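J.: Below are the sequence and a predicted model; questions follow.
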Amino acid sequence: MNALSLDSLLGPEGRALLDEVRGTAPAEELAVATRLRREHPAELVSAALTQARLRERAAAKFGAEDAQRMFFTPNGVEQSTRTTVAVHRAERLRALGVSSVADLCCGIGGDAIALARAGIRVLAVDRDPLTAAVARANAEALGLSALIEVREADVTGVDVSPYDAVFVDPARRGGRGRIFDPEAYSPPLSWAVATALTARHAALKVAPGIPHEAVPAEAEAEWISDGGEVKEAVLWFGTEPGLVRATLLPGPRELRGRGLPDPPVRPLGRYLYEPDGAVIRAHLVAEAAEELDGGLIDGTIAYVTADAHHDSPHATAYEITDRLPFNVKRLKALLREREVGVLTVKKRGSAVEPEELRRKVLPKPYGPHAVTVFLTRVAGAPTMLLGHPA
């Protein structure tokens, strides 16, 4: 999509076409396009069908109702913040008393929308003309134009002093894919931090794999997961410097760091606990283990073991029934003997690919039972643990 096709989609003919192509199955696109091009410009028909596909993809992040009203670019769908995460961040800012935010590198406006719906006035800035135009169209489509001002500009030249808070979401993808060096972000993390330190409050969105040593002393670091999937990390300024927290959505459920030493390694107990990915990324396995009265199965593996079952919002519990040395033939025979038809394979500290193992040991269902297999190390030895959710 380009600016011309976006303008066309925003007009009466484009909007009518968007309604007409909504829900078009991929297998039907060619026939639908051929029919519509008899009455509409080919470029507009192509833009409408592309937008319909993007809206279908975006529904997972934005919800079907919003996604069907919004406009997207391929990169915008890929890189935008999931609504649940954006809402959590907006609620935190509102709880801090923030009433206005400079949203720098706003993309297609996902965070700006959540902020505006929290009653916060937003300046949304992006240097890409098309991206800024899409953000503006989305603010209008969702009835939020009164709270969202979209500006096409280089964020490094924006005066943020009139705003209560700054939110920066630097580009973390380049021509070769993901960027892992925070100083290679666009703009660099050092610039974002310097800008954050000028504001009363600030939130900087960074990759969840950011090294802990790269977190500034003035910042609180929050790792966020949604439905068990780690989504991002946020560096907060003007909150609790030095705090490390894991936030699990929905909820939110929160685990705060207390500077505990690494948990001890202990013999495998009846239960195995898999900490949420945000807990692991935040280096809070020790806090989770203390909550569970457990220890590690190996000094390098983030699985916690305990003799008793505990309900934890920060880890998933499994009851372990078998502990075996890694052996594909033995596992296959055991699954057949126990009539297993559904196999879940998890790994941590193993080079074996779960899908490859599943094909080898369960080429066809053996029966009605389900088993979870953990490929891991116990006290340094490659091990298979069999069990089921507790």
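T.: Okay, I see it.

J.: Residue 87 is in contact with residue 116, isn't it?
T.: No - distance between residue 87 and residue 116: 11.4 Å, which falls outside the contact criterion (C-beta atoms under 8 Å). In short, each C-beta sits where N, CA and C put it, glycine included.

J.: Please say which of these two ends up with more neighbours.
T.: Neighbour totals were compared for residue 87 and residue 116, and residue 116 leads with 24 against 18 (other C-beta atoms under 10 Å).

J.: any idea what sits nearest the more buried one, other than its immediate chain neighbours?
T.: When the adjacent residues along the chain are set aside, residue 116 lies closest to residue 147, with 3.9 Å between them (C-beta to C-beta, 6 or more residues apart in numbering).

J.: With residue 52 as the reference, measure out to that neighbour.
T.: Residue 147 sits 28 Å away from residue 52, going by C-beta to C-beta, to the nearest Å.

J.: Kindly report the same for residue 152.
T.: As it turns out, when the distance is counted by C-beta to C-beta, residue 152 lies 26 Å from residue 52.

J.: Which one's more surrounded, these two?
T.: Set side by side, residue 152 and residue 52 give different neighbour counts by other C-beta under 10 Å, the larger being at residue 52 (20 against 15).

J.: Can I get stretch 316-329 in CSV, CA atoms only?
T.: Provided in CSV are the C-alpha atoms of stretch 316-329 (Å, rounded to 0.1, in the frame of the first residue of the first chain):
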residue,chain,number,x,y,z
THR,A,316,2.7,-24.0,35.4
ALA,A,317,2.7,-27.3,37.4
TYR,A,318,3.2,-30.8,36.1
GLU,A,319,3.1,-34.0,38.0
ILE,A,320,6.1,-36.2,36.9
THR,A,321,5.4,-39.9,36.5
ASP,A,322,8.7,-41.1,34.9
ARG,A,323,12.3,-40.1,34.7
LEU,A,324,14.3,-41.7,31.9
PRO,A,325,17.7,-41.2,30.3
PHE,A,326,17.3,-39.8,26.8
ASN,A,327,16.5,-42.8,24.6
VAL,A,328,14.1,-42.5,21.6
LYS,A,329,13.4,-46.2,21.3
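
J.: Pull the distance from that stretch to the chain's centre.
T.: 30 Å (C-alpha atoms, centre = their mean, to the nearest Å).

J.: average pLDDT for it?
T.: Per-residue pLDDT values across stretch 316-329 average out to 96.

J.: likewise stretch 74-94?
T.: Computed over stretch 74-94, the average pLDDT equals 94.

J.: quick one: buried residues of it?
T.: Residues of stretch 74-94 classed as buried under the neighbour-count rule (16 or more other C-beta atoms under 10 Å) are 76-77, 79-90, 92-93.

J.: Mind checking which of those residues are in strands?
T.: Cross-referencing the buried residues of stretch 74-94 with the strands (criterion: DSSP state E) gives no overlap at all.

J.: of the residues you listed, closest to residue 126?
T.: Of all the buried residues of stretch 74-94, the one with the least separation from residue 126 (C-beta to C-beta) is residue 76, at 10.1 Å.

J.: Residue nearest the middle of this structure, spatially speaking?
T.: Closest to where the C-alpha atoms of the chain average out (C-alpha atoms, centre = their mean) is residue 231, at 2.2 Å.

J.: Helix or strand: which one has that residue?
T.: Here residue 231, judged by DSSP states H and E, is contained in strand 229-237.

J.: List the contacts of that strand.
T.: 81-82, 85, 89, 92, 193, 196-197, 199, 201-208, 210, 215-216, 218-225, 277-278, 281 (C-beta atoms under 8 Å, 6 or more residues apart in numbering).

J.: Need the CA coordinates for that strand. CSV is fine.
T.: Listed in CSV are the C-alpha atoms of strand 229-237, where the atom choice follows Å, rounded to 0.1, in the frame of the first residue of the first chain:
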residue,chain,number,x,y,z
GLU,A,229,4.1,-15.8,25.4
VAL,A,230,6.8,-13.2,26.1
LYS,A,231,5.9,-10.0,24.2
GLU,A,232,8.3,-7.3,25.2
ALA,A,233,10.3,-5.6,27.9
VAL,A,234,9.8,-2.0,29.1
LEU,A,235,12.2,0.4,30.8
TRP,A,236,10.2,2.7,33.1
PHE,A,237,11.6,6.0,34.4
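
J.: buried stuff in it?
T.: Along strand 229-237, the positions that meet the burial threshold by neighbour count (16+ other C-beta under 10 Å) are 230, 231, 232, 233, 234, 235, 236, 237.

J.: That strand: partners in the sheet, and parallel or antiparallel?
T.: Paired with strand 229-237 in the same sheet, following DSSP bridges, are strand 201-206 (antiparallel), strand 220-226 (antiparallel).

J.: chain center to the first one: distance?
T.: Meaning strand 201-206. When C-alpha coordinates are averaged (C-alpha atoms, centre = their mean), strand 201-206 and its chain have centres 16 Å apart.

J.: same thing with stretch 165-182?
T.: Relative to the mean C-alpha coordinate of its chain, stretch 165-182 is positioned 14 Å out (C-alpha atoms, centre = their mean).
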